[in-house]
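1. No letters, just coordinates:
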Ligand SMILES: Nc1ncnc2c1ncn2[C@@H]1O[C@H](COP(=O)(O)OS(=O)(=O)O)[C@@H](OP(=O)(O)O)[C@H]1O
């Protein structure tokens, strides 16, 4: 987290570019609330053509995001100083599913644009479990956690890995404070198969010139994912770290089918709410 008046190197880099322009705090704000954190790292891609540029704040997650940590302090005072033409971005995955967050963000600025990365909730739950297992190898089995009673098909919605995937319910809470037009949903699936296309939509949503294009990505066969050809910080290609793109724990077909049945009505409702079919099946 950056304190105003105490710019970090990344703030200084941006400020140096336009020191003569008026400096203000958070003229416009973007909050990716991804249901699963996916480091888009737009800010690390080339910024030849600034402004506008994006100032990226990576907060620890979970559990603390700026809005969780600092609600009772002055939020604006904790954001970095930003030029009028710049966008401040803060990323805290747990925001999307934290009940109090929409109210808090809207109290700070009702104009905030919100970005949510969503993926098939069944895959999301398995990914979540796989990640937790690397930190706690003694975890009960996926099925033990996902079902209250598997033979009766009763899913345990109190398990976070399951609850987070109920996108329609979380979105309802956000729509009480923000219009849908201010929320952009990134498809986690398309982010892998067509990163440039997905980022084109993000740039359009933010009102940015399309600087990030196909030419910034290549498919890395070893990693099995798209990687950046030449990030700003170095001259060499860069893939996301080992914790992104893990081999998932094998879950039996029946459990997966039961979870698909469970999520189907929530998914359909979510597609209707956002006006887009993510085709999770
Ligand atoms: N380019 C690229 N490289 C690697 N991984 C990519 C990429 N694009 C999207 N993804 C997907 O991002 C998922 C990891 O992000 P997470 O949000 O789960 O990360 S983390 O929770 O902060 O570790 C990760 O999920 P898993 O496959 O379950 O690990 C990937 O599917």
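-> Noted; the coordinates are in hand. Here the structure is a predicted model, which means the values were calculated and not measured.
2. Would you double-check that residue 212 falls in a helix?
-> No - counting by DSSP: H, G, I helix; E, B strand; the rest coil, residue 212 falls outside a helix, being coil.
3. How confident was the prediction at it?
-> If you check residue 212, the pLDDT there is 91.
4. pretty sure it contacts residue 203?
-> Yes - at 6.5 Å, residue 212 counts as touching residue 203 under the criterion of C-beta atoms under 8 Å. C-betas here are computed from N, CA, C, even on glycine.
5. Quick check, residue 262 in contact with residue 150.
-> No - when contacts are counted by C-beta under 8 Å, residue 262 is not listed as touching residue 150 (11.4 Å).
6. who has more neighbours, those two?
-> More neighbours surround residue 262 than the other of residue 262 and residue 150, with 21 against 16 (other C-beta atoms under 10 Å).
7. Need the nearest residue in space to the more buried one, chain neighbours excluded.
-> Of all residues not flanking residue 262 in the chain, residue 155 sits nearest, at 4.7 Å (C-beta to C-beta, 6 or more residues apart in numbering).
8. residues near the one you found, how many?
-> By the criterion of other C-beta under 10 Å, residue 155 has 20 neighbours.
9. Ok, residue 151 next?
-> Residues near residue 151, counting by other C-beta under 10 Å, number 7.
10. before we move on, what about residue 238?
-> Neighbours around residue 238, by other C-beta under 10 Å: 16.
11. Specify the beta-bridge partners of residue 90.
-> Residue 90 has the following beta-bridge partners by DSSP bridges: residue 57.
12. if I look at it, how far off is residue 224?
-> Look at residue 90 and residue 224: by C-beta to C-beta, to the nearest Å, they are 30 Å apart.
13. If you count surrounding residues, which of the two has more?
-> For residue 90 versus residue 224, neighbours defined as other C-beta under 10 Å are more numerous around residue 90 (26 against 11).
14. Now do the buried residues in the host helix or strand of residue 130.
-> Following DSSP states H and E, one finds residue 130 within helix 121-135. Under the neighbour-count criterion of 16 or more other C-beta atoms under 10 Å, helix 121-135 has 121-131 buried.
15. Residue 99 looks like it's in a strand, true?
-> No - counting by three-state DSSP, residue 99 falls outside a strand, being coil.
16. Sticking with the nearest residue to it once chain neighbours are set aside, tell me its helix or strand.
-> In space, and not counting its chain neighbours, residue 99 is closest to residue 173: 6.3 Å by C-beta to C-beta, 6+ apart. Assigned by DSSP H and E, residue 173 falls within helix 167-175.
17. starting at the chain centroid, how far to that helix?
-> Counting by C-alpha atoms, centre = their mean, to the nearest Å, helix 167-175 is centred 15 Å from the centre of its parent chain.
18. which secondary structure elements does that helix contact?
-> Applying 3 or more C-beta pairs under 8 Å, 6 or more residues apart in numbering; DSSP states H and E, one finds that helix 167-175 contacts helix 253-274.
19. re the thing from before, next up, the contacts around the residue nearest to residue 262.
-> 146-148, 162, 258-259, 262 (C-beta atoms under 8 Å, 6 or more residues apart in numbering).
20. would you turn those into CSV with distance to residue 196?
-> Formatted as CSV, the contacts of residue 155 follow (distance: C-beta to C-beta, whole Å):
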residue, distance to residue 196
146, 35
147, 39
148, 42
162, 32
258, 36
259, 31
262, 34
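21. Quick check: the farthest pair among those?
-> Based on C-beta to C-beta, the longest span within these runs between 148 and 259 and measures 13.0 Å.
22. More neighbours: which of those two?
-> A direct count of neighbours by other C-beta under 10 Å for residue 148 and residue 259 places residue 259 higher, at 25 against 12.
23. So that one is in contact with residue 124, correct?
-> No - between residue 259 and residue 124 there is no contact under C-beta under 8 Å: 10.4 Å.
24. In the stretch 101-250 of the chain, what residue spans correspond to helices?
-> For the stretch 101-250 of the chain, applying DSSP state H, counting those that start in this stretch gives helices covering 101-108, 121-135, 142-146, 160-163, 167-175, 188-193, 195-206.
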